[in-house]
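A.B. asks: Next comes the sequence, and after it the predicted model I'd like to discuss.
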Amino acid sequence: MRTSQYILATLKETPSDAEIISHQLMLRAGMIRKLASGLYTWLPSGLKVLRKVEQVVREEMNKAGAIEMLMPVIQPADLWQESGRWEQFGPELLRINDRHNRPFALGPTHEEVITDFVRKEISSYKQLPLTLYQVQTKVRDEVRPRFGVMRAREFTMKDAYSFHLTEECLAQTYQRMHQAYCNIFERLGLDYRPVIADTGSIGGSVSHEFHVLAESGEDAIAFSTESDYAANIEKAEALAPTEARPEPSKELNTFATPEAKTIADLKAQHGVKPHRGVKTLIVYGAPDENEQRGLVALILRGDHELNELKAEKHPLVDSPLEMAKEEDIFAAIGARPGSLGPVGLKMPIIVDRSAAVMADFVAGANKDGEHYSGINWDRDVAEYDVFDLRNVVEGDPSPCGKGTLQIKRGIEVGHIFQLGTKYSEAMNAGVLGENGKNQIMTMGCYGVGVSRIVAAAIEQNNDDYGIKWPTALAPFELAIVPMNMHKSHRIPDIAERLYSEFTAAGIDVLFDDRKERPGVMFNDMELLGVPFTLVIGERNLDNNQVELKNRRTGEKLMLDIDQAVAAITAQIRG
RNA sequence: CGGCGAUUAGCGCAGUUUGGUAGCGCACUUGGUUUGGGUCCAAGGGGUCGCAGGUUCAAAUCCUGCAUCGCCGACCA
């Protein structure tokens, strides 16, 4: 490719609405342009990278025994009604009507379509197990699209679905997919981790997420220092403290706290250390037989954070979890958030394991502007339930029993699930078993955020000059940059010759044939992140040499012109 | 969906307080100059100032409504 016949589209300035580095660099390197919020056009360079990711994903999926197909983006509503997700999915499911006013959805995922396909097409246990996949555009009407293609409303995803007769068979395929995913991220040159995950709205039992580690990641991941245990923080268990609860040593006392509404205020105004107090969060309880929701108090140590996913697993708590409105709290307790506590509270009280081993602690007195000190469980609060409610923090003991937890941020680029029969049962997808009886299939599903990987790779591979692509992802393998081509005959002759030789050798080469100053060309090639740049200049031509620059290492290598093509091809392919 | 902010040329911004008929840098076009790290000089093209309404002799500027975009929160692969 010649730059003069290409859309390089690099920008000197950073568009003001790009927050994270990958979004900025994708715009500046001419990879994407925004059409509307969460909707992006992929320019030639961006598309080349996207295709490279797809290719690696395809190869590893095929190797793992999955078969590629392609399903429509537009899906009839009745399939979604059949699975129950037409109502359940919420506004993220973008719905449209056709000219006959028939309802459709733009597919955010394809469990319904694939299950419908398989139930019609597969009728015998002999055809199982079966793993099908596609690489396709997904649509999700995100509440808040952000970070460019990282969280877009339209994005490219590889989604695979497996069908089995038994749980054991599913577990085997799940393991193969797990390995295939590791292979994919390994080949893409990314620093990644598989982590134990929650199944969320997709459903199912066992689930792992694959995270690319990056500061800008939207998820927190907990790792053990001593084992390979890793879990999404929302799923990491906070073990009960091993130390016993100290005996009460102080009397219950009230003190006035007119200006203290938060844990931070208590510390600043009254010297109460956060880990010596508790916070009391009021949420709605699970509906009773009359569909009425009461209130439930959740108690955590002052320096801990509520994990909503854990809280809603408690039978007394409504799911999804909802914080009580201030007026409901005031009506029930007679005090407002900021002065709440467990003493004398007339509602179910659920205490986090770490808060349950505290003694002589501080909490609100359920009277505006007043707190208690010297509170002790059992003595001052008779009835309560102990439960794991909080997010783990750095230094907590690992749930695996070995080492302590470390917390890092990650970008979710893959997610695999053992679905079980959630969809196959709802949609009556069965096959005839060996015994001649109909048997509902067991399913797994496996997603890779293909477009998100492009952004995630940049988050992990950049410097002040731009992108530093891992070899497997670079939009071009080599750039040829001639110095002041129009001023000599030698330079263009050699550049043209090398360009055609590299092309013939099958190297994907970008020939910068613009009439630009050297600095402009260097900057553009570095911004775009081409791994190798071949510099052709008068200076070295007298010695019959050209210079090869390595984008990642910064190394410069002088090569004899006659050996350049062979040497560089070997280096790129090697 | 709640809170905050923005919207002026392809991009980054000034001008709005105090109303007087739109500007700077980059990019683009032409000519010259320069040439191993974003040259310099000159000339040029490009804007219904987000949209609609109102106030006024006069609105980018003041008022009202709406839209879009972004940030924080809630929510979510």
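C.D. replies: That came in fine, so what should we check first? Numbers count the residues shown, from 1 in each chain, chains lettered A, B, ... in the order given.
A.B. asks: so A:Asp493, which of the three states?
C.D. replies: helix (DSSP: H, G, I helix; E, B strand; the rest coil).
A.B. asks: Based on its surroundings, how many neighbours for it?
C.D. replies: A:Asp493 has 13 neighbouring residues, counting by other Cβ atoms under 10 Å. The C-beta positions use only the backbone N, C-alpha and C, and glycine is treated the same way.
A.B. asks: same question, A:Glu555
C.D. replies: 9.
A.B. asks: what's the closest non-adjacent residue to it?
C.D. replies: The shortest distance from A:Glu555 to any non-neighbouring residue, by Cβ to Cβ, 6 or more residues apart in numbering, is to A:Lys549 (7.4 Å).
A.B. asks: now do A:Tyr384
C.D. replies: A:Ile349 (4.1 Å).
A.B. asks: May I have the beta-bridge partners of that neighbour?
C.D. replies: A:Ala297 (DSSP bridges).
A.B. asks: In contact with it, which residues are there?
C.D. replies: Taking Cβ atoms under 8 Å, 6 or more residues apart in numbering, we find A:Ile349 in contact with A:296-297, A:299, A:342, A:381, A:383-385.
A.B. asks: what about it, distance to RNA strand B?
C.D. replies: 21 Å (Cβ to the nearest atom of the strand, to the nearest Å).
A.B. asks: what does the stretch 101-250 of chain A put close to RNA strand B?
C.D. replies: Counting by Cβ under 7 Å from any atom of the strand, the stretch 101-250 of chain A comes close to RNA strand B at A:138, A:140, A:143-147, A:151-152, A:155, A:157, A:200-202, A:209, A:218.
A.B. asks: go with 10 Å
C.D. replies: A:108-109, A:138, A:140, A:142-159, A:197-203, A:207, A:209-211, A:216, A:218-219, A:232, A:234 (Cβ under 10 Å from any atom of the strand).
A.B. asks: Next: the stretch 351-500 of chain A.
C.D. replies: Residues of the stretch 351-500 of chain A lying near RNA strand B (Cβ under 10 Å from any atom of the strand): A:411-417, A:445, A:447-453, A:455, A:464-466, A:481-488, A:491.
A.B. asks: hmm, which of those are the buried ones?
C.D. replies: A:411-417, A:445, A:447-453, A:455, A:466, A:481-483, A:485, A:491 (16 or more other Cβ atoms under 10 Å).
A.B. asks: Okay, and which of the residues you listed map to strands?
C.D. replies: Among these, the ones falling in strands (DSSP state E) are A:411-417, A:445, A:447-449, A:466, A:481-482.
A.B. asks: quick check, distance from stretch A:236-254 to the centre of its chain.
C.D. replies: Its chain's C-alpha centre and that of stretch A:236-254 lie 36 Å apart, by Cα atoms, centre = their mean, to the nearest Å.
A.B. asks: three-state assignment of the nearest residue to A:Gly30 once chain neighbours are set aside?
C.D. replies: Spatial nearest neighbour of A:Gly30, chain neighbours left out: A:Ala9 (3.2 Å); criterion: Cβ to Cβ, 6+ apart. Following three-state DSSP, A:Ala9 is assigned to coil.
A.B. asks: my guess is A:Ala9 meets A:Gly46, correct?
C.D. replies: No: with contact defined as Cβ atoms under 8 Å, A:Ala9 does not reach A:Gly46; the gap is 9.5 Å.
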